[in-house]
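**Q** got a predicted structure here, sequence first:
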Amino acid sequence: MSDPHTYDVVVIGSGAAGLTTALGLADRFRVVVLSKGGVSDGSTAWAQGGIAAVLEPGDTILSHVEDTMIAGGGLNDIATVTYVAEHAASAIDRLADIGVPFNVGEGVGDGGGSDAGVDGSGASAAGRFHLTREGGHSHRRIAHVDDATGWAVQDALAKAAAAHPNITLATGHAVVDLITERHVETARFVNRACHGVYAFDTASDRVERFTGRAVVLATGGASRVYLFSTNPDGSTGDGIAMAWRAGCRVSNMEFNQFHPTCLYHPKVKNFLITEAMRGEGGHLLLPSGERFMTRYDDRMELAPRDVVARAIDAEIKRLGLSHVRLDMTHLGAAFIVHHFPMIHARLLELGIDCTTQPIPVVPAAHYTCGGVLVDIAGRTDLPGLYAVGEVSQSGLHGANRLASNSILECLVFGVAVADDIAARWDALPEPPPTRPWDESRVTDSDEEVVVSHNWAELRRFMWDYVGIVRTNKRLERAAHRIKNLRKEVHEYYSDFRVTPDLIELRNLVQVADLIVRSARRRHESRGLHYSLDYPQTDAVPRDTILDPWTRD
Ligand code: FAD
Ligand code: SIN
């Protein structure tokens with residue numbers, strides 16, 4: 001029976017959110033960062049387009065706030081949106097300081113418009129960088145590293161964290177559940193609080209305890225609950241499910257963002273074709289060559305994602321297509337290769353030359369706008385537990401996230417969480433003695449097929465019944481299936497030793513339930529939640545908040 005690994009702060013997740021938080025804490029505290037895979041296995045490393053910030057003289061914070069609120073269907077919290085927009089330029093500065101090689105001003109007359117900041121001077125980020133454009137933004141506002149921004153950000157953060165003596169990176173540790181007052185050895189009369197985590201170590205096949213005065217969920221989103229997704233395998237909503245089980249409210253889970261342009265390919269299912277391609281002038285075409293967005297929105301291909309994804313979905317269904325096409329060829333080979341080197345090279349490997357042929361694309365699940373409800377300092381309902389990044393619902397995104405606001409949220413809230421933990425340090429209790437993981441009543445599974453079968457079934461019906469366009473009937477069908485799955489997975493979890501796949505499936509089923517329950521509560525269409533039974537938008541926007549203490 002091993003002792004817990006005790007640190008000052010336990011961070012779960014090593015993407016932009018987790019590593020920013022850890023780096024914000026590490027000069028003052030000893031931090032462990034747990035990650036279920038390798039350090040760079042989360043969505044952050046896959047980000048393409050870039051990071052939104054007001055960085056050129058013609059742009060304003062107010063405009064960034066307005067664009068975010070318009071994309072978000074007015075459901076956003078304006079104080080949070082303003083806070084994030086105001087802190088965006090300094091977040092970019094910090095990344096540049098640790099070595100993220102943002103593209104610098106270069107003039108974008110080669111197809112890109114005239115409003116890029118190119119003055120090349122100044123100590124702040126403003127005016128220094130080449131800025132690209134994405135849907136829903138009324139200005140060029142996206143700082144980027146070619147078309148592989150996420151990798152550059154992840155790499156720089158991971159190197160900075162690895163070099164810091166106060167940060168321990170513990171990869172291959174899949175957190176199973178949070179340690180709360182229920183797991184304290186003398187569990188009578190103790191206050192509600194989070195004291196650490198139980199984590200499955202894939203090297204030893206054992207569940208270990210990590211404890212600290214504060215725990216930070218930075219576990220990313222849940223888009224792998226859908227059959228087709230742009231996300232890496234690990235986006236299984238673990239943090240949302242764990243927080244829910246520990247008694248935290250979750251909010252706005254019905255708002256699942258479908259990115260309009262995922263590559264349509266028989267073998268490669270989750271390769272994103274960045275929105276910046278439309279930002280720089282790409283056209284969406286039907287097989288006939290018609291530029292169909294003319295029939296849907298004045299902003300054409302640069303309408304917010306919910307609008308473009310719905311338009312593609314409608315055309316695919318209307319004409320019985322498998323995909324539509326994104327045409328860049330009119331922009332010229334030199335421009336395409338210069339601005340999108342990674343995508344160009346990857347497509348060539350797959351036999352598609354995007355300088356001479358349109359790219360086949362379909363919408364795919366991309367981003368979880370809802371999540372664990374947090375305040376402006378990233379605090380959840382449970383004392384000592386914080387949530388940051390895609391796992392959280394901070395009020396930034398509302399009913400539909402504006403492009404390139406996500407990594408930004410990780411960077412700004414990562415600092416806010418670190419500052420709040422430092423400010424409240426003396427009030428956070430030392431972790432009390434807690435009980436080790438109990439395996440006395442479980443055995444090794446004799447039927448792994450239960451996990452793989454349920455996993456496949458869940459993703460399929462979530463795609464078919466809880467996708468871009470919803471109806472009461474489809475949601476009811478999904479709810480019925482989830483009820484059965486929950487029972488089966490719960491029995492399996494109670495009887496058998498945990499494995500990484502079982503941990504993820506249990507969380508996916510929980511998250512699917514939260515999505516469907518939230519969707520069934522919203523009797524209107526807003527942002528990413530579009531219902532044929534309730535096509536109207538209510539006058540007053542309201543968050544959907546589910547509370548585990550009032551189960552209904
Ligand atoms: P992640 O980066 O996903 O990291 C989650 C971490 O949690 C991982 O380390 C994972 O291993 C760990 N974890 C999860 N569960 C557990 C567990 N149970 N135990 C231990 N560890 C766990 N956003 C933008 O702003 N701009 C873009 O250009 C952009 N492009 C994108 C392109 C793609 C293809 C994708 C998929 C997303 C893109 N996004 C973009 C969205 C953005 O990348 C993510 O929302 C953001 O990076 C999430 O960061 P995060 O730190 O919250 O989570
Ligand atoms: C993209 O590059 O299209 C993704 C941007 C984002 O998800 O914000």
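**A** Here it is on my side, so go on. Ligands and ions are numbered 1, 2, ... in the order given.

**Q** could you use CA atoms for every contact and neighbour count after this?
**A** Fine.

**Q** give me every residue in this protein lying close to ligand 2.
**A** Proximity of the chain to ligand 2 (Cα under 6 Å from any ligand atom) is limited to residues 48, 49, 274, 275, 276, 403, 404, 405, 406.

**Q** flag the shaky bits of this structure, pLDDT-wise.
**A** Low-confidence regions of the chain, defined here as pLDDT under 70, cover residues 1, 106-127, 187-189, 551-552.

**Q** before we move on, the earlier item: most neighbours of all the residues of the chain next to ligand 2, which one?
**A** If you count neighbours using other Cα atoms under 10 Å, the busiest of the residues of the chain next to ligand 2 is residue 49, which has 28 neighbours.

**Q** that one contacts residue 144, correct?
**A** Yes - with contact defined as Cα atoms under 8 Å, residue 49 and residue 144 form a contacting pair (6.4 Å).

**Q** restricted to strands, list the residues of the chain next to ligand 2.
**A** Where these are compared with strands, as defined by DSSP state E, there is no overlap at all.

**Q** which of those come close to ligand 1?
**A** Of the entries in those, those that also sit close to ligand 1 under the rule Cα under 6 Å from any ligand atom are 48, 49, 404, 405, 406.

**Q** surely the first one is in contact with residue 149?
**A** Yes - taking Cα under 8 Å as the contact criterion, residue 48 and residue 149 are neighbours in contact, 5.1 Å apart.

**Q** how many neighbours does residue 5 have?
**A** By other Cα under 10 Å, the residues close to residue 5 number 13.

**Q** quick one: secondary structure of the nearest residue to it once chain neighbours are set aside?
**A** Taking Cα to Cα, 6 or more residues apart in numbering, and ignoring the residues beside it in sequence, residue 5 has residue 210 as its nearest neighbour in space, at 4.7 Å. Taken by DSSP: H, G, I helix; E, B strand; the rest coil, the conformation at residue 210 corresponds to strand.

**Q** elements contacting the helix with the most length in the chain?
**A** Of all the segments of type helix in the chain, defined by DSSP state H, the longest one is helix 472-495. Taking 3 or more Cα pairs under 8 Å, 6 or more residues apart in numbering; DSSP states H and E as the contact definition, the neighbouring helices and strands of helix 472-495 are helix 449-465, helix 500-521.

**Q** before we move on, back to that, from residue 36, how far off is the residue nearest to residue 5?
**A** Separation of residue 210 from residue 36 (Cα to Cα, to the nearest Å): 14 Å.

**Q** with residue 498 instead?
**A** Residue 498 sits 14 Å away from residue 36 when distances are taken as Cα to Cα.

**Q** cool, and residue 406?
**A** With distances taken as Cα to Cα, residue 406 is found 21 Å from residue 36.

**Q** cool, and residue 55?
**A** When residue 55 is compared with residue 36 (using Cα to Cα), they lie 35 Å apart.

**Q** so can I have CSV of the helices and strands packed on helix 472-495 showing mean neighbour count?
**A** Converted to CSV, the helices and strands packed on helix 472-495 look like this (neighbours: other Cα atoms under 10 Å):
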stretch, mean neighbour count
helix 449-465, 17
helix 500-521, 22
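
**Q** out of those helices, which is closest to residue 219?
**A** For residue 219, the closest of these is helix 500-521, at 11.9 Å, according to Cα to Cα.

**Q** quick one: contacts of the closest one?
**A** With contact meaning Cα atoms under 8 Å, 6 or more residues apart in numbering, helix 500-521 is reached by 174, 176, 200, 202, 222, 225, 234, 236-238, 240-242, 252-254, 451, 454-455, 458, 462, 466, 472, 475, 478-479, 482, 485-486, 489-490, 493, 529, 544-546.

**Q** briefly note if that helix comes near ligand 1.
**A** No - taking Cα under 6 Å from any ligand atom as the criterion, helix 500-521 and ligand 1 are apart, separated by no less than 7.3 Å.

**Q** now find how far off-centre that helix is within its chain.
**A** With Cα atoms, centre = their mean, to the nearest Å as the basis, helix 500-521 stands 15 Å off its chain's centre.

**Q** what about the helices in the stretch 101-250 of the chain?
**A** Under the criterion DSSP state H, counting those that start in this stretch, the stretch 101-250 of the chain contains helices at 149-163, 238-245.

**Q** buried ones in the shortest one?
**A** Within helix 238-245, the residues that count as buried by 16 or more other Cα atoms under 10 Å are 238, 239, 240, 241, 242, 243, 244.

**Q** need the helices of the stretch 101-250 of the chain in JSON lines (columns: distance to residue 95).
**A** Rendered in JSON lines, the data for those read as follows (distance: least, Cα to Cα, whole Å):
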{"stretch": "helix 149-163", "distance to residue 95": "7"}
{"stretch": "helix 238-245", "distance to residue 95": "26"}
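
**Q** among those helices, which is nearest ligand 1?
**A** helix 238-245 (5.0 Å; Cα to the nearest ligand atom).

**Q** the closest one packs against which elements?
**A** Applying 3+ Cα pairs under 8 Å, 6+ apart, one finds that helix 238-245 makes contact with strand 173-180, strand 371-373, helix 500-521.

**Q** now check the second one, is it near ligand 1?
**A** No - contact between strand 371-373 and ligand 1, assessed by Cα under 6 Å from any ligand atom, is absent, since the two come no nearer than 10.8 Å.

**Q** the strands in the stretch 201-350 of the chain, which residues?
**A** 206-211, 214-217, 250-251, 256-263, 283-285, 324-327 (DSSP state E, counting those that start in this stretch).

**Q** now tabulate the ones you listed in TSV and tack on distance to residue 135 and mean neighbour count.
**A** Rendered in TSV, the data for the strands of the stretch 201-350 of the chain read as follows (distance: least, Cα to Cα, whole Å; neighbours: other Cα atoms under 10 Å):
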stretch	distance to residue 135	mean neighbour count
strand 206-211	42	22
strand 214-217	29	28
strand 250-251	25	26
strand 256-263	11	27
strand 283-285	13	23
strand 324-327	14	24
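
**Q** returning to that earlier point: between residue 48 and residue 149, which contacts overlap?
**A** In terms of Cα under 8 Å, 6+ apart, residue 48 and residue 149 are not both contacted by any residue.

**Q** helices along the stretch 251-400 of the chain, start to end?
**A** Assigned by DSSP H, counting those that start in this stretch, the helices in the stretch 251-400 of the chain fall at 275-279, 305-319, 333-339, 341-349.

**Q** need the winner for burial among those helices.
**A** Here the criterion is mean neighbour count by mean count of other Cα atoms under 10 Å, and of these the winner is helix 275-279, at a mean of 23.

**Q** what about the closest residue to residue 29 other than its chain neighbours, neighbour count?
**A** Computed as Cα to Cα, 6+ apart, the closest residue to residue 29 that is not its neighbour in sequence is residue 8, at 5.9 Å. Residues near residue 8, counting by other Cα under 10 Å, number 19.
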